[in-house]
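Sequence and predicted model, in that order:
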Amino acid sequence: MKHWPEDITLLGDYVRIDPLSVNHLNDLQDAVRDGELNLLWYTFIPNADDMLEEINKRLRLREMGSMQPFAIIDIATGLAVGMTTFMNIDATNRRVEIGSTWLSKSTQRTFINTECKLLLMAHAFEKLNCIAVEFRTHFINTQSRKAIERLGAKFDGILRNHSTMPNGTLRDTAVYSIIRSEWPTVKSHLNFQLNKKRD
């Protein structure tokens, strides 16, 4: 079960989710410069110079079986515009967290994030037979919390002093989840949101 879930490419109308590789380096360096995302203190997004190290770190976690990293590809341009993962993988209990996600500033709050989450959750619930999918973010990251709530995830609680941030501050982690019985409703909601964006 070390490499559960198996490598997969997920294809939507606007987004392709590819297994992360060093071939995505240049695109991801450009994407992180869009909006200087690495300057946000309440999340961890690598700067362009550290992107190769971040890719290699995620690939090492893949080898250890705790993470499945992806590049988010904008089909319209063919460029990688961000990264996401299945992380905190629990193969025994069939649970994953969708996390360590970031997108270039210009693609945030577009159909790209919505379809990306739809593809990942459909794979988790319909192919991997997961019992739950988690989302976690810094309590103070209101933009991320609102985005998670728009997906239809429910608030589970706060892990206080959960981890230490690179600047030395302590992170209170807000935890959300979607369970298997909720997936049909969430799927309908996300498809409705995508259809509205197409109109």
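That came through fine. Source: prediction; values computed, not measured. Numbers count the residues shown, from 1 in each chain.

Quick check: buried residues in the longest helix anywhere in the chain?
In the chain, with assignment by DSSP state H, the single longest helix is helix 183-198. Across helix 183-198, burial judged by 16 or more other C-beta atoms under 10 Å covers 183, 186-187, 190, 193-194. Backbone N, C-alpha and C define where each C-beta goes, glycine included.

Using TSV, lay out those together with distance to residue 141.
Output for the buried residues of helix 183-198, formatted as TSV (distance: C-beta to C-beta, whole Å):
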residue	distance to residue 141
183	25
186	21
187	25
190	21
193	21
194	24
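
what's near enough to touch the nearest residue to residue 33 once chain neighbours are set aside?
What sits nearest to residue 33 in space, not counting adjacent residues and going by C-beta to C-beta, 6 or more residues apart in numbering, is residue 48, at 5.7 Å. Taking C-beta atoms under 8 Å, 6 or more residues apart in numbering, we find residue 48 in contact with 29-30, 32-33, 38.

What of residue 157?
Residues in contact with residue 157 (C-beta under 8 Å, 6+ apart) are 174-175.

Residue 186 too?
By C-beta under 8 Å, 6+ apart, the contact list for residue 186 reads 121, 151-153, 178.

who wins for most neighbours among those?
Most neighbours among the contacts of residue 186, by other C-beta atoms under 10 Å: residue 178, with 25 neighbours.

these two touch, right, that one and residue 131?
No: the criterion here is C-beta atoms under 8 Å, and residue 178 misses it with residue 131 at 10.4 Å.
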